[in-house]
Each structure stands twice: as structure tokens, then as C-alpha cells.
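got a sequence here, can you model it:
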Amino acid sequence: MRYEFATVEWIWTDSAIQVNLPGGEERTSTGSYNQVVAVLSGLGEQGWDVAACASAGNWLLWTLRRML
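Model (predicted):
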């Protein structure tokens, strides 16, 4: 199996959300928990699933994957 990978980063004290997709596409937005859930759900509808999650302090980083 082959996968492509993306990341979703959330700094909740700044309400900053950043999505990095293959090919250099970057999306930024602001929001709290509900917006992060909406972003992850939208990516899930496009075939992405969470491969890993890391956190520290006020920061969460999800690594997502999608089968090619």
C-alpha cells in the first residue's frame, strides 16, 4: 500500500489552525474546538484518516494519511 500524508496543527491559545496537504497546499484559519472538529471531519470525508497525534502545551498536531 502507498499513502500520501498531510498535517493539521492547532494552537488553541491563538485559535490558529493550519492544514498542510500534499503538493505544498497550505490552508490557515482560526477557530476553537468546534472548528478543528469540522476541519478533521471535512478531511475525513475526502478519505483522510488520522495516523498519529502529538501534543505539547497549547499545541496539537495530527498527521493524516490517505491511500493512493
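
can you show me the helices along this protein?
33-45 (DSSP state H).

so what's the nearest residue to Phe5 once chain neighbours are set aside bridging to?
Nearest residue to Phe5 in three dimensions, chain neighbours excluded: Arg65, at 5.3 Å (C-beta to C-beta, 6 or more residues apart in numbering). (Glycine included, C-beta is placed from N, CA and C.) In this entry, Arg65 is beta-bridged to Phe5, Asp49, by DSSP bridges.

doesn't Arg2 make contact with Arg65?
No - taking contacts as C-beta atoms under 8 Å, Arg65 lies outside contact range of Arg2: 10.0 Å.

which one's more surrounded, those two?
More neighbours surround Arg65 than the other of Arg65 and Arg2, with 16 against 5 (other C-beta atoms under 10 Å).

give the contact list for the more buried one.
Contacts for Arg65 (C-beta atoms under 8 Å, 6 or more residues apart in numbering) come out as Tyr3, Glu4, Phe5, Ala6, Trp48, Asp49, Ala51.

now restrict these to buried residues only.
Buried members of those, scored by 16 or more other C-beta atoms under 10 Å, are Ala6, Trp48.

would you format the contacts of Arg65 as a markdown table with distance to Gly23 and pLDDT included?
Output for these, formatted as a markdown table (distance: C-beta to C-beta, whole Å; pLDDT from 0 to 100):
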| residue | distance to Gly23 | pLDDT |
| --- | --- | --- |
| Tyr3 | 15 | 98 |
| Glu4 | 9 | 98 |
| Phe5 | 12 | 98 |
| Ala6 | 10 | 98 |
| Trp48 | 14 | 98 |
| Asp49 | 19 | 97 |
| Ala51 | 18 | 98 |
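
all set now, cheers.
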